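**Q** Sequence and predicted structure below; questions after.
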Amino acid sequence: MDSKEAKEFISALEAELGSKIGYRTFATWFGSNDGLVREYGVFFCILEDGTLYFEDFERLPQILGYTLKSKNTPKYEKYSFRFRSDQIRSMSIVKKRQAQQTCASASRVPLCTAGRLSQLLFPVVTQIELDDGRCLYFELISHKEFTDALKREEEKR
């Protein structure tokens with residue numbers, strides 16, 4: 001996404017959501033413990049009003065700039081969700097494989113935090129547990145950058 005295209009996307013999204021976007025990042029994988037999994041890219045942001053918002057976008061596999069299409073690929077349906085920062089019960093880093101299993105089984109039990117060694121040896125994701133028992137899993141570019149941005153936004157209010 002070039003700079004002009006990105007600015008237009010952000011402006012349109014801010015108008016749709018009715019709030020300015022403070023922090024924004026991307027996740028390369030998303031899942032939730034209600035059975036939803038997205039292998040697509042996910043745009044994730046913190047709005048100035050304290051709301052967290054994410055939406056996925058279709059990301060087709062490419063080789064050397066050529067898009068690979070498969071007849072077996074399910075039809076893409078956009079998914080978006082918002083929640084307030086005060087709805088977050090806990091956040092932690094967990095093993096991606098365990099998150100995938102939780103999503104597949106629709107388990108309502110939050111996962112245990114991955115130890116330092118596990119974080120070095122295995123792919124990990126950020127688990128966000130909400131008040132209603134839902135757990136959201138994001139493979140973020142930087143968990144620390146995200147949590148720092150969330151803290152800064154909360155301090156502003």
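**A** Ah, there it is.
**Q** Just give the closest residue to the residue nearest to the spatial centre of the chain, not the sequence neighbours.
**A** Nearest to the geometric centre of the chain sits Phe138, at 4.1 Å (CA atoms, centre = their mean). Once flanking residues are discounted, Phe138 sits nearest to Ala27: 4.1 Å by CB to CB, 6 or more residues apart in numbering. The way it works is simple: take the backbone N, C-alpha and C, and place the C-beta from them, glycine included.
**Q** again with Asp49
**A** Asp49 sits nearest to Ser19 (CB to CB, 6+ apart), 4.6 Å away.
**Q** Which of the three states applies to that neighbour?
**A** The three-state label given to Ser19 by DSSP: H, G, I helix; E, B strand; the rest coil is coil.
**Q** hang on, it packs against Ile46?
**A** No: Ser19 is beyond contact range of Ile46, at 9.9 Å (criterion: CB atoms under 8 Å).
**Q** If you count surrounding residues, which of those two has more?
**A** Taking other CB atoms under 10 Å, Ser19 and Ile46 do not tie; Ile46 has more neighbours (22 against 18).
**Q** Tell me who's in contact with that one.
**A** Counting by CB atoms under 8 Å, 6 or more residues apart in numbering, Ile46 touches Ile21, Gly22, Tyr23, Arg24, Leu52, Tyr53, Ser85, Ala149, Leu150, Glu153.
**Q** Which member of those is positioned nearest Ala114?
**A** Leu150 (19.5 Å; CB to CB).
**Q** Could you pull out the buried residues of the helix or strand harbouring that closest one?
**A** Per DSSP states H and E: Leu150 is located in helix 143-156. Neighbour counts over helix 143-156 (16 or more other CB atoms under 10 Å) mark His143, Phe146, Ala149, Leu150, Glu153 as buried.
**Q** Run a quick neighbour tally on Ala104.
**A** Neighbours around Ala104, by other CB under 10 Å: 12.
**Q** Same question for Glu48.
**A** Residues near Glu48, counting by other CB under 10 Å, number 14.
**Q** While we're on it, how confident is the model there?
**A** pLDDT for Glu48: 88.
**Q** Please apply the same query to Ser70.
**A** In this model, Ser70 carries a pLDDT of 66.
**Q** all strands for this protein, in order.
**A** Remark: strands assigned in the chain by DSSP state E are 21-32, 37-38, 41-47, 51-57, 62-63, 66-67, 80-84, 88-95, 124-130, 135-140.
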